[in-house]
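A.B. asks: I would like the atomic coordinates for the input below:
(chains A and B)
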Amino acid sequence: MEALSSLIHGFGVLGDPMNIVYMFVGIFLGVLIGVLPGLGGANGVAILLPLTFSMSPVSAIIMLSSIYWGALFGGAITSILFNIPGEPWSVATTFDGYPMAQQGKAGEALTAAFTGSFIGAFIATLLLTFLAPLIARFALNFGPAEFFGVYLLTFCSFVGMGKESPFKVIAAMMLGFALAAVGLDTVTGQLRMTFGSTELLRGFDFLVAVIGLFGVGEILLTMEEGLAFKGRSAKINLRVVLHTWRELPKLWLTSLRSSLVGCWMGITPGGATPASFMSYGLAKRFSRNGSKFGKGEIEGVFAPETAAHAAGTSALLPMLTLGIPGSPTAAVLLGGLLIWGLQPGPLLFVEQKDFVWGLIASIYLGNIAGLIVVLTTVPLFASILRIPFSIIAPVILVICAVGAYTVHNALLDISVMLVFGVLGYLFKKLGYPLAPLVLALVLGDMAESSFRQAMLLSRGSLSIFWSSPLVAILVALALVMLFWPLFAYISEKMGRGPRSPEIVAGP
Amino acid sequence: MSSSTEHTEHTVSNRMMELVVAGAFIAVSMLVMYDNWRVGARWVEDGPQAGYFPFYIGAIMFLASLGTFVVTLRSQFGDTNFVERSQLKQVMQVLVPTVVFVGLIGLLGIYIASAIFITFFMTWLGKYPIYKSAPIAVAVPALLFVMFEIWFLVPLPKGPIETAFGY
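C.D. replies: Sure thing, here's the model as predicted:
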């Protein structure tokens, strides 16, 4: 197996003991980010990105991806102990996790959540190991039209799979594209939408936008709730862990199903959040104890966490092979790669073998490290959560300001971050999705250049988008996704009909 | 968000807010289209002009926001409160000091501004006595200073006070 030998080579890249240290530091920081309100995978990685500029790309990406794994684990802690989802994808975990904690079974719930996460991520990593090289090799033949087709499919999927109003999804996405176009046009050298301002020449950096939208916006939303943490104490020891592990093999079917749901939603830009809801819904429907869900079923904790982690991990598959991230956090990681001069896409697997396989190997190790770290440090993080919000909030806002500044060493970026924060608050309240905005901001330039190249090849004729079977299929799928809400609307009007591709609509 | 609509708490309806935001989107999209038309959004000898792609982005944004606007106008729902007055007050209690904080960064540098911000936030909103808030207000910027200026050698904005100490 070629993939296997490449993987072993990847573990060799990890040999540097410093990389293992970075991994543990990253996981620890990630869990911290995951439990704190206002800091999450996407903006946490964005804030810490500038700190890694002095490292080698391999060490840096290992640390950043470890932060990401840590954040995925961390969300479960707050959900189960405090009934507050630390991350959107752990909302479904609160349904059964918090009741279990109330019944004094917090240890079991946490063990199930962490183990589920581990299994989900492991299966997704296997998929990544064996599928990624194949997709990358296939994608080597892609021309600009094919790439534009993939971009189109990605963005149209947001319309088809999102539960928000399609108009709002499109508007938010187009705002992202428009902001990405601000500044110097690299092809013609003309200035676009700078309105005579020299500050706008640089354009809008998506890292600043992410810190504002997800960080500051989240703090404002949290403030609205008038925060009062009422946490359950967690006792987690080896006996509880082993006892829970003995129970879990019974759930093999659930774990397999949840992992598959997660992988699918992660590769398509559905993301971890809908994956966790969908997996919870499926587990409830198929479980023998389905009626007990919501009252503290261990399966109800296990299923969403497995799917969320599988989705979080498999979001890296399109990011690495096609340069199209499946989630905002993957988008931030992609931004990091670009800063180090690594262009994600099929060529990455040819030109940067060490890097790619080192990263994939680090996911295997990072997950094991993550499981160990979270199982041993739950009490510590639970006590961090008891720090009152009036201390946490200003500190997080200060960290966000520092993060926004360090992206370009520009003072104006801190104000831009604040504007994005208010925007994030408004958008969240009105149901404008943030993920398509961020992805459009990241991919805007690349989508535009692939469109332009395709148009140059065809001398301005749109017919290039159905000139070959592959492009035609991609574009056709994209159009189906784009008009899916319309089909759903019409069939609803007709009385009965198929449901939207998303099985469970979460809050 | 909230289902309770007491008249005493009335601020602004969800419908109004939807219309304002959709209207803002329409305004932005028109600005985008205008500026890219100015740059050139047509096809010339050597390919598409610089404004070609963004112009159509603006056009799609215009249509989508018009859609939201019309749907909102025609819907019967949406007279619930966008935000309760008490909630708005809490949000403003965070937002206004943060705006001041961002302004102070430019004047005093990030370290001093952070110290002031954290002290203010803890004593005013958190009702902590000054002897509890002061240590945190000093420790956080100090930690940032060590991390950024010394370990990672990433300079952060500094003001007159740091300059006096030779940084």
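
A.B. asks: the closest residue to chain A within chain B: neighbour count?
C.D. replies: In chain B, the residue that lies nearest chain A is B:Gly126 (2.9 Å; CB to the nearest CB). (Each C-beta comes from the backbone N, C-alpha and C, glycine too.) As a burial measure, B:Gly126 scores 17 neighbours (other CB atoms under 10 Å in any protein chain shown).

A.B. asks: again with A:Met494
C.D. replies: Count around A:Met494 with other CB under 10 Å applied: 8.

A.B. asks: what do you get for B:Glu18?
C.D. replies: When neighbours are counted by other CB under 10 Å, B:Glu18 comes out with 23.

A.B. asks: and for B:Leu66?
C.D. replies: 17.

A.B. asks: and for B:Ile161?
C.D. replies: B:Ile161: 12 neighbours (other CB under 10 Å).

A.B. asks: ok, it - contacts?
C.D. replies: Applying CB atoms under 8 Å, 6 or more residues apart in numbering or on different chains, we find B:Ile161 in contact with B:108-109, B:112.

A.B. asks: sticking with it, tell me its helix or strand.
C.D. replies: helix B:160-164 (DSSP states H and E).

A.B. asks: distance between stretch A:63-82 and the chain's centre?
C.D. replies: Here the centre of stretch A:63-82 is set off from its chain's centre by 12 Å, with CA atoms, centre = their mean, to the nearest Å.

A.B. asks: do stretch A:463-477 as well
C.D. replies: 28 Å.

A.B. asks: hmm, it touching chain B?
C.D. replies: No. Judged by CB under 8 Å from any CB of the partner chain, stretch A:463-477 stays clear of chain B, getting no closer than 13.1 Å.

A.B. asks: strands along chain A, start to end?
C.D. replies: A:183-184, A:191-192 (DSSP state E).

A.B. asks: so what strands line up beside the first one?
C.D. replies: Going back to what we said before, that points to strand A:183-184. Next to strand A:183-184 in the sheet, as set by DSSP bridges, lie strand A:191-192 (antiparallel).

A.B. asks: list the contacts of the strand it pairs with.
C.D. replies: Counting by CB under 8 Å, 6+ apart, A:181-185, A:201, B:35-36, B:39, B:50-51, B:54 sit against strand A:191-192.

A.B. asks: may I see the buried residues of stretch A:399-415?
C.D. replies: Going by neighbour count (16 or more other CB atoms under 10 Å in any protein chain shown), the buried part of stretch A:399-415 is A:399-407, A:410-415.

A.B. asks: now stretch A:43-57
C.D. replies: For stretch A:43-57, by 16+ other CB under 10 Å, it's A:43-52, A:55, A:57.

A.B. asks: which one in chain B is furthest away from the centre?
C.D. replies: B:Glu45 (42.3 Å; CA atoms, centre = their mean).

A.B. asks: how close does the closest residue to A:Asp445 other than its chain neighbours sit to A:Asp205?
C.D. replies: Of all residues not flanking A:Asp445 in the chain, A:Ala180 sits nearest, at 5.8 Å (CB to CB, 6 or more residues apart in numbering or on different chains). Computed with CB to CB, to the nearest Å, the distance linking A:Ala180 and A:Asp205 is 10 Å.

A.B. asks: so for those two, which sits in the more crowded spot?
C.D. replies: A:Ala180 (23 against 20).

A.B. asks: surely the more buried one and A:Leu439 touch.
C.D. replies: No. Contact criterion CB atoms under 8 Å: A:Ala180 and A:Leu439 do not qualify, at 10.2 Å.

A.B. asks: show me the shaky parts of the chain.
C.D. replies: Reading this off chain A. A:1, A:15, A:37-38, A:86-88, A:226-236, A:269-271, A:495-507 (pLDDT under 70).

A.B. asks: my question was about chain B, not that one.
C.D. replies: Using pLDDT under 70, chain B drops low at B:1-10, B:78, B:167.

A.B. asks: against A:Asn409, how distant is the residue of the stretch 1-150 of chain A found nearest chain B?
C.D. replies: Of all residues in the stretch 1-150 of chain A, A:Leu51 sits closest to chain B, at 5.4 Å by CB to the nearest CB. Here the criterion is CB to CB. By it, A:Leu51 lies 14 Å from A:Asn409.

A.B. asks: not counting sequence-adjacent ones, nearest residue to A:Thr125?
C.D. replies: Nearest one to A:Thr125, counting by CB to CB, 6+ apart, is A:Ile363 at 5.0 Å.

A.B. asks: mark out where each domain of chain B begins and ends.
C.D. replies: B:7-74, B:85-164 (automatic domain parsing).

A.B. asks: I'd like the ones you listed as TSV, with distance to A:Val35 appended.
C.D. replies: Formatted as TSV, these follow (distance: least, CB to CB, whole Å):
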stretch	distance to A:Val35
domain B:7-74	32
domain B:85-164	18
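
A.B. asks: which of the contacts of strand A:191-192 sits closest to B:Ala64?
C.D. replies: B:Pro54 (15.3 Å; CB to CB).

A.B. asks: wait, isn't A:Pro485 in contact with A:Met161?
C.D. replies: No. Using CB under 8 Å, A:Pro485 is not in contact with A:Met161, being 10.0 Å away.

A.B. asks: my guess is A:Ala361 contacts A:Ser6. True?
C.D. replies: No. With contact defined as CB under 8 Å, A:Ala361 does not count as touching A:Ser6 (9.3 Å).

A.B. asks: give me the element B:Pro113 is part of.
C.D. replies: One thing to correct before we go on: residue B:113 is Ala, not Pro. Judged by DSSP H and E, B:Ala113 forms part of helix B:110-120.

A.B. asks: hmm, who's touching that helix?
C.D. replies: A:394-395, A:397-398, A:401-402, A:405, B:97-98, B:100-101, B:104-105, B:107-108, B:130, B:133-134, B:136-138, B:140-141, B:144-145, B:156-159, B:161-162.
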